[in-house]
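Asks: Fold the following.
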Amino acid sequence: MSVAPVLRIANASGFYGDRESAVHEMITGGDIDVLTGDYLAELTMSILAMDRLKNPDRGYARSFLRQMEGSLGPAVDAGIKVVVNAGGLNPAGLAAEVRALAERLGIGARVAHVEGDDLLGRLDELGLNEASLDRSGTSGSGVGGSGAGGSGLGAPLAANAYLGAFGIAAALKAGADVVVTGRVTDASLVVGPAAAHFGWTLDDRDALAGAVVAGHVIECGAQATGGNFAFFTEIADLGRIGFPVAEVRADGSCTITKHPGTGGAVTPETVTAQLLYEIGGARYAGPDVTTRFDSVSLNDEGPDRVGISGAVGEPPPPTLKVGLNSIGGYRNEVTFVLTGLDIEAKADLVRRQMEAALGDVTPRWTLARTDHPDAASEAEASALLHCVVRADDGDSIGRIFSGAAIELALASYPGFHVTAPPTAASPYGVFTAAHIPAGDVPHVVVDGDGGRTEVAAPSGTAELLPVPEPVCPPWTGQGPTRRVPLGTVVGARSGDKGGSANIGAWARDDRAFDWLAATLTVEELRRLLPEVAPLELTRHVFANLRALNFVIEGILGQGVSSQHRFDPQAKALGEWLRSRHVDVPEELL
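Replies: The predicted structure is shown next:
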């Protein structure tokens, strides 16, 4: 039996909280075969873990049920398969709710779910309790404090392996209309349907790698169609951005596009920006295949159509990544507004006063000089002094901290006020990554009748030769330069990975890339971004994308949930870099 040469896979969610109407828009707005939705991130898993603590029947993305209320019928009628990781920590629970919804609406939808990723009950057996406590730096002494649910600091609230795509593929081949998963890799939502449609096996590594690239591009929704794009002023319609569609072919190559008449744009640069999002070096390891991002080529196929080809696949590693989400402690904060003259002296005074009142608690201070001289408004004349405190015990930084701040109201710098009254301390999360043998993690498909099918773990390898960095040609320009923001000629996108972050920077033509590769060294990045100067930095060259990718270790502390810095997910690091002034050859301007 022949299969269609192109499988049209759309995305309608890049995170838990994305535009709810996008599911219906993607089902009814154009011709697609599969609708995917990515609801999970490291931060989301912490949110769902806290949700499950309050109610063990929860732990999934409840917005997906609301989306299916008006969209399940149209999807089934159109023959569109729905594949989502909205199951979070409870895929069986969400699948049961979808079945109940279908029955209530009179829709004959077959619903399957994928499980096995939840390892919370096997922590001691797999050595993950010890791994989590060692890496998070907490004692595991069982100190609960208010809001900890009795779990103890450092004790994981969630432990989930990142499964691959072949559970999804098995569910679809068995006839499922809706597949709900827990923690699978984001790209698996695309790889699974493609593998089912084209009959790929684990030996079809190049095809799998191509689908991983397609999945990586569309997994974050509108980020592939003009959202969060460095040169956003060049895109005519950003009012209501369309979500992306990947037209995947049997060899794994694809075309990225969007529904006709929707906002945003699909260009080689919007696709490049998403390709650089949250990656490391040339190899992108996954549970089914290791994808070589340095092999990918982009081709402009016309308005809102970008072709991606050339992906090379290598064996996957022998281990699976496990994400552990724990309560790291408690935090409290207050932001002091400093207005007018003597900003530094005012900041110094309030620091001394707060630190004297707090005793053994050591605050973390950040002064944002948002003030302007001779300002025409009070807001423009003001700077913000942010004070954050952390402790194992929420009571020690609750009312004591609040009182220390508010008691200064009539006894500190002139013009004293704060942006909001301090509140009680709240728990913060810690994300830790561990790795365990892939064979230790079950990968199970459960159909609507309770039938269970186990998916075999792929045979991985730890023996891949190092990828040599491309040799960049030296910059030979001799003409005059002009001091302008780097972003005048360079795009960037940044994001988080555990406690680390990446900044991908790309040039807009070959000549500019030659200059960028010669200029933006690790040492230059340290100079331009002083916050990253003391941290471990690695630069990777992607000549095929005219891009550099910098991985910055430890900049986010213990992960997004710990709210370690002003920009806890590192989403704006790239824009900070683009705003820095450098000497750019005039020929590039």
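Asks: the bottom helix or strand of this structure by mean pLDDT?
Replies: Of all the helices and strands that make up the chain, helix 128-136 has the lowest average by mean pLDDT, DSSP states H and E, namely a mean of 52.
Asks: Next secondary structure element downstream of that one?
Replies: The C-terminal neighbour of helix 128-136 among helices and strands, as given by DSSP states H and E, is strand 156-161.
Asks: Pull the number of nearby residues for T362.
Replies: 10 (other C-beta atoms under 10 Å). In short, each C-beta sits where N, CA and C put it, glycine included.
Asks: Three-state assignment for it, please.
Replies: Secondary structure assignment for T362 (DSSP: H, G, I helix; E, B strand; the rest coil): coil.
Asks: What residues does it make contact with?
Replies: 355, 389 (C-beta atoms under 8 Å, 6 or more residues apart in numbering).
Asks: again with P422
Replies: By C-beta under 8 Å, 6+ apart, the residues touching P422 are 332-334, 401-402, 405-406.
Asks: Most widely separated two among those residues?
Replies: The most widely separated members of the contacts of P422 are E333 and I406, with 13.6 Å between them, by C-beta to C-beta.
Asks: Neighbour count for those two, which is higher?
Replies: Each of E333 and I406 has its neighbours counted (other C-beta under 10 Å); E333 has more, 21 against 12.
Asks: Backbone dihedrals for the closest residue to the more buried one other than its chain neighbours, please?
Replies: Distance criterion C-beta to C-beta, 6 or more residues apart in numbering; nearest residue to E333, sequence neighbours excluded, is V388 at 4.6 Å. With angles defined as degrees, to the nearest 10, V388 sits at phi -120, psi 140.
Asks: Bridge partners for V388, pull those for me.
Replies: Beta-bridge partners for V388, by DSSP bridges, are E333, R364.
Asks: Could you measure from it over to V361?
Replies: Remark: distance between V388 and V361 (C-beta to C-beta, to the nearest Å) = 11 Å.
Asks: What's the local residue count around A456?
Replies: A456 has 10 neighbours, counted by other C-beta under 10 Å.
Asks: What are the boundaries of the helices in the stretch 451-589 of the chain?
Replies: Remark: helices assigned in the stretch 451-589 of the chain by DSSP state H, counting those that start in this stretch are 510-519, 522-528, 573-579.
Asks: can you tell which of those is closest to A425?
Replies: Closest among the helices of the stretch 451-589 of the chain, using C-beta to C-beta: helix 573-579, at 28.0 Å.
Asks: And that closest one, what's buried?
Replies: Neighbour counts using 16 or more other C-beta atoms under 10 Å place 573-578 of helix 573-579 among the buried residues.
Asks: Packing partners of that helix?
Replies: Counting contacts by 3 or more C-beta pairs under 8 Å, 6 or more residues apart in numbering; DSSP states H and E, helix 573-579 packs against strand 490-497, strand 500-507.
Asks: try it again with 10 Å
Replies: With contacts taken as 3 or more C-beta pairs under 10 Å, 6 or more residues apart in numbering; DSSP states H and E, helix 573-579 sits against strand 481-485, strand 490-497, strand 500-507, helix 522-528, strand 547-552.
Asks: what's next to that helix, contact-wise?
Replies: Helix 573-579 is contacted from outside by 228, 230-231, 273, 276-277, 485-496, 501-505, 520, 525, 528-529, 531-532, 550, 552, 555, 565, 567, 570, 572, using C-beta atoms under 10 Å, 6 or more residues apart in numbering.
Asks: Can you flag the buried ones in the residues you listed?
Replies: When these are checked for burial by 16+ other C-beta under 10 Å, the buried set is 228, 230, 273, 276-277, 486-487, 489-496, 501-505, 520, 525, 528-529, 532, 550, 552, 555, 565, 567, 570.
Asks: list the residues that contact both of V388 and V361?
Replies: Common neighbours of V388 and V361 (C-beta under 10 Å, 6+ apart) are 332, 397, 401.
Asks: residues contacting D38?
Replies: With contact taken as C-beta under 10 Å, 6+ apart, D38 is in contact with 11-16, 18, 44, 84-86, 184, 186-190, 215, 218-221.
Asks: Try it again at 8 Å.
Replies: D38 makes contacts with 11, 13-15, 84-85, 186, 189, 219-221, as judged by C-beta under 8 Å, 6+ apart.
Asks: Out of the residues you listed, which is nearest to P91?
Replies: Taking the contacts of D38 together and measuring to P91 by C-beta to C-beta, the closest member is N85, at 8.3 Å.
Asks: Please report the distance of that closest one from T538.
Replies: Applying C-beta to C-beta, the value for N85 to T538 is 29 Å.
Asks: more crowded one of these two?
Replies: The neighbour comparison of N85 against T538 (other C-beta under 10 Å) goes to N85, with 32 against 14.
Asks: if I look at the more buried one, how far off is T44?
Replies: From N85 across to T44, the span is 10 Å (C-beta to C-beta).
Asks: again, but for A425
Replies: Counting by C-beta to C-beta - A425 and T44 are separated by 23 Å.
Asks: can you check L163 too?
Replies: Counting by C-beta to C-beta, the gap from L163 to T44 is 16 Å.
Asks: for stretch 388-400, the distance to its chain's centre please.
Replies: Put simply, stretch 388-400 sits 29 Å off its chain's centre (C-alpha atoms, centre = their mean, to the nearest Å).
Asks: Next, the buried residues of that stretch.
Replies: Buried residues in stretch 388-400, counted by 16+ other C-beta under 10 Å: 388-392, 394, 396-398, 400.
Asks: Serialize those residues to TSV and add fields for pLDDT.
Replies: Formatted as TSV, the buried residues of stretch 388-400 follow (pLDDT from 0 to 100):
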residue	pLDDT
V388	94
V389	94
R390	93
A391	92
D392	90
G394	91
S396	88
I397	93
G398	90
I400	87
